[in-house]
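Asker: next comes the sequence, and after it the predicted model I'd like to discuss.
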Protein chains: 2
Amino acid sequence: MNEDEFLARLFARLPAAPADVRVPPGDDCAAVDVGGGRLLLLAVDQVVAERHYHAAGPDAATAGEVGRKLLARNLSDVAAMGGHPRFCLVAGAFGPGCGEAWMGAFHEGLIALAREVGVALIGGDLATSAAGTVASLTIVGEVGSAEVVRRCGAMPGDEFWATGVFGSALRTGHHLRFVPRCAEGAWLGSRGLARAMIDVSDGLLLDALRLCRASGLSLRLAPETVPRRTPETTLDQALGDGEDYELLFAVRPADGPILRQSWPFETPLHCLGHFEAGEPGVRDLAGRPLQVCGYDHLACREGV
Amino acid sequence: MNEDEFLARLFARLPAAPADVRVPPGDDCAAVDVGGGRLLLLAVDQVVAERHYHAAGPDAATAGEVGRKLLARNLSDVAAMGGHPRFCLVAGAFGPGCGEAWMGAFHEGLIALAREVGVALIGGDLATSAAGTVASLTIVGEVGSAEVVRRCGAMPGDEFWATGVFGSALRTGHHLRFVPRCAEGAWLGSRGLARAMIDVSDGLLLDALRLCRASGLSLRLAPETVPRRTPETTLDQALGDGEDYELLFAVRPADGPILRQSWPFETPLHCLGHFEAGEPGVRDLAGRPLQVCGYDHLACREGV
């Protein structure tokens, strides 16, 4: 069973969510209605040594980079809902190689990014662990209830857009230094230009497939139009590597030109295909299925 | 440096919290004002294999007990603020010995308790880990802004009360099966009977000292009046063992008889001493300092 399947089964066994849970688990964030037209967005994500970063060797991440990455991953989830990040809570179980100096630098890296994006750290828990380091972060964001963007809003005919470039996130260190698309996500939500959205943590194709499943649609993608991070990045890497932390979103066809014209960011923006009615899946423009081979955190691929 | 000192230094380096953060980090939960006289309570806590439970051996915890304990610890933090738990998010990094069946049972144990106390699981993240299992949970609770109870509200002359009995929580398995004092905490908060409160996770004396520090008071305690879990439990164990998950709280002297008369729970209730002006610390009734030797998660004692 993979992570999506495990979580889907788990969430299916839960009692019905209370009425103030407007977006149940299964999206990038859950959303809770706190009144006044305002939703709180909540999500949790973690970094595990030798899964999400290397603790030693030539590609070793510094403690500050690990702390930064932990927050940045969560910011990306809030961005994918069109929200603004507000608060975070962090829990760390630190392994033998991660003493007081390491823990200090880890939190410094996290707090430096938190300050940049206006997020307040409001809770923490620390433990030492005889095993490797694991840290988790819960992010709390805010979004107007009319502005929230889910995975399930795409319609047949909608264009499929992406921010940024893809692939080789590990080799290039992008996975440690990426700038989460907070401003872009909030802008798309507030303008109503994204009808469905997700961030790419586990690979463009896998996260696009999640968008398809949530919206009950098929996606036609022109693979050769996917922008690649480096000249050496192969098409397979761009489609499957993961850790890009870009936004994928559905745009009403009439809004495509508006989006292109009004986009106020330097972040690259590309239309890569379109949604159509049909079995959830990703096909090329000739209708051939594209094999989805993204990163699954339970049945882990090689690499980080 | 111990956990309290590390977190205190960390929180001291943070930028000023935004205005809607009514209780900053450092209490059992942080509290965020969401309007309408309502605060959201947020806290995070974790369980680490061989720190918070044994994965093997005669005292091994089942997967379900581990999941249950993770939620129960967090419920205890909401209880200590006088709040009602509402939502939770869980992140697990599961070690080699913890496959799909273990993960399933872990979540079942957690969800069974969540259902009992009306908490909705609204987010999760899963990863495998080459090292031992670590799981964290963020709890979201609610409390009226007039009913929230902090660590810092005790006044000189206030009585020092405790729910339950103390010591031997590991040996007896109490640490896996305790019933968090949700109803008691919410009742104390709603009646205004607790002026300051904390839950005992790290030992009666250590958590009492935290109450003293937050309130800027000294505590006089009659050690022999501390109720012990078993006939074999020594006084030192009752004062220092930790993992009791009982509530310690300060009561206005005039409210002592009201509390005793109106207490609607079967949970034992004892007055163990009183607060007075003076350097934060715990002394016996003759004025002799009681050595605080509770559990610190960074400089770990032996045992779990």
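Answerer: Here it is on my side, so go on.
Asker: for chain A, what spans make up the helices?
Answerer: In chain A, helices defined by DSSP state H lie at A:3-12, A:63-79, A:100-117, A:174-177, A:182-191, A:204-215, A:235-240, A:256-262, listed in chain order.
Asker: now the second one, how far from the centre of its chain.
Answerer: Distance, stretch centre to chain centre, for helix A:63-79: 10 Å (Cα atoms, centre = their mean, to the nearest Å).
Asker: looking at the helices of chain A, which is closest to B:G95?
Answerer: With Cβ to Cβ as the measure, helix A:3-12 is the member of the helices of chain A nearest B:G95 (16.1 Å). All C-beta spots, glycine's among them, are computed from the backbone N, C-alpha and C.
Asker: output the contacting helices and strands for the closest one.
Answerer: Counting contacts by 3 or more Cβ pairs under 8 Å, 6 or more residues apart in numbering or on different chains; DSSP states H and E, helix A:3-12 is packed against helix B:100-117, strand B:120-128.
Asker: deepest of the ones you listed, which one?
Answerer: strand B:120-128 (a mean of 24; mean count of other Cβ atoms under 10 Å in any protein chain shown).
Asker: partner strands of that strand, parallel or antiparallel?
Answerer: Using DSSP bridges, the strands paired with strand B:120-128 are strand B:84-94 (parallel).
Asker: can I get the helices of chain A in a markdown table with mean pLDDT?
Answerer: Converted to a markdown table, the helices of chain A look like this (pLDDT from 0 to 100):
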| stretch | mean pLDDT |
| --- | --- |
| helix A:3-12 | 85 |
| helix A:63-79 | 98 |
| helix A:100-117 | 96 |
| helix A:174-177 | 96 |
| helix A:182-191 | 98 |
| helix A:204-215 | 96 |
| helix A:235-240 | 96 |
| helix A:256-262 | 98 |
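Asker: find the nearest non-adjacent residue to the residue of the stretch 101-250 of chain A found nearest chain B, please.
Answerer: Using Cβ to the nearest Cβ, the closest approach of the stretch 101-250 of chain A to chain B is made by A:A131 at 3.0 Å. Residue nearest to A:A131 in three dimensions, not counting chain neighbours: B:A131, with 3.0 Å by Cβ to Cβ, 6 or more residues apart in numbering or on different chains.
Asker: thought the one you found was touching A:G95?
Answerer: Yes: using Cβ atoms under 8 Å, B:A131 is in contact with A:G95, at 6.9 Å.
Asker: about what we covered before: who wins for proximity to B:A254 among the helices of chain A?
Answerer: The nearest among the helices of chain A, by Cβ to Cβ, is helix A:100-117 at 43.9 Å.
Asker: and the closest one, does that touch chain B?
Answerer: Yes: if you take Cβ under 8 Å from any Cβ of the partner chain as the test, helix A:100-117 does meet chain B, through A:E100, A:M103, A:G104, A:H107, A:I111, A:R115.
Asker: which strands and helices sit next to that helix?
Answerer: If contacts are counted by 3+ Cβ pairs under 8 Å, 6+ apart, helix A:100-117 sits against helix A:63-79, strand A:84-94, strand A:120-128, helix B:3-12.
Asker: if we use 6 Å, what do you get?
Answerer: Under the contact criterion of 3 or more Cβ pairs under 6 Å, 6 or more residues apart in numbering or on different chains; DSSP states H and E, helix A:100-117 touches helix A:63-79.
Asker: export the helix it packs on to PDB, keeping only CA atoms.
Answerer: Output of helix A:63-79 as PDB, limited to C-alpha atoms (Å, rounded to 0.1, in the frame of the first residue of the first chain):
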ATOM      1  CA  ALA A  63      21.100  22.000  10.400                       C
ATOM      2  CA  GLY A  64      19.800  25.400   9.300                       C
ATOM      3  CA  GLU A  65      18.900  24.100   5.900                       C
ATOM      4  CA  VAL A  66      17.000  21.200   7.500                       C
ATOM      5  CA  GLY A  67      15.000  23.600   9.700                       C
ATOM      6  CA  ARG A  68      14.300  25.900   6.800                       C
ATOM      7  CA  LYS A  69      13.200  23.000   4.600                       C
ATOM      8  CA  LEU A  70      10.800  21.800   7.200                       C
ATOM      9  CA  LEU A  71       9.000  25.100   7.300                       C
ATOM     10  CA  ALA A  72       9.200  25.700   3.600                       C
ATOM     11  CA  ARG A  73       7.500  22.400   2.800                       C
ATOM     12  CA  ASN A  74       4.600  23.400   5.000                       C
ATOM     13  CA  LEU A  75       4.400  26.900   3.600                       C
ATOM     14  CA  SER A  76       4.000  25.300   0.100                       C
ATOM     15  CA  ASP A  77       0.900  23.400   1.400                       C
ATOM     16  CA  VAL A  78      -0.700  26.700   2.500                       C
ATOM     17  CA  ALA A  79       0.200  28.300  -0.800                       C
END
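Asker: now do the shared contacts for B:A131 and A:G95.
Answerer: Among the neighbours of B:A131, those also in contact with A:G95 (Cβ atoms under 6 Å, 6 or more residues apart in numbering or on different chains) are A:A131, A:G132.
Asker: which of the helices of chain A is buried the deepest?
Answerer: Ranked by mean neighbours (mean count of other Cβ under 10 Å), the helices of chain A are led by helix A:63-79, with a mean of 26.
Asker: next, give phi and psi for the residue nearest to A:E246 when sequence neighbours are not counted.
Answerer: Excluding the flanking residues, the one nearest A:E246 by Cβ to Cβ, 6+ apart is A:G164, at 3.9 Å. Backbone torsions of A:G164, given as degrees, to the nearest 10, read phi 70, psi -160.
Asker: quick check: the gap between A:G164 and B:D158.
Answerer: 58 Å (Cβ to Cβ, to the nearest Å).
Asker: who has more neighbours, the two?
Answerer: B:D158 (25 against 20; other Cβ atoms under 10 Å in any protein chain shown).
Asker: so, low pLDDT: which residues of the stretch 201-304 of chain A?
Answerer: Where the stretch 201-304 of chain A drops to pLDDT under 70, the residues are A:294-304.
Asker: now do the strands in it.
Answerer: A:217-221, A:247-251, A:269-277, A:281-284 (DSSP state E, counting those that start in this stretch).
Asker: residues contacting the second one, please?
Answerer: With Cβ under 6 Å, 6+ apart as the contact definition, strand A:247-251 has outside contacts at A:154, A:158-159, A:161-163, A:181, A:185, A:194-199, A:207-208, A:259.
Asker: what's the burial count for the nearest residue to A:L259 once chain neighbours are set aside?
Answerer: Leaving out its chain neighbours, the residue that sits closest to A:L259 by Cβ to Cβ, 6+ apart is A:L193, at 5.2 Å. The tally of other residues near A:L193 (other Cβ under 10 Å) stands at 22.
Asker: would you mind listing what in the stretch 101-250 of chain A touches chain B?
Answerer: A:107, A:115, A:120-132, A:134, A:136, A:138 (Cβ under 6 Å from any Cβ of the partner chain).
Asker: residue closest to the middle of chain A?
Answerer: Centroid check for chain A by Cα atoms, centre = their mean gives A:D199 as the closest residue, at 3.4 Å.
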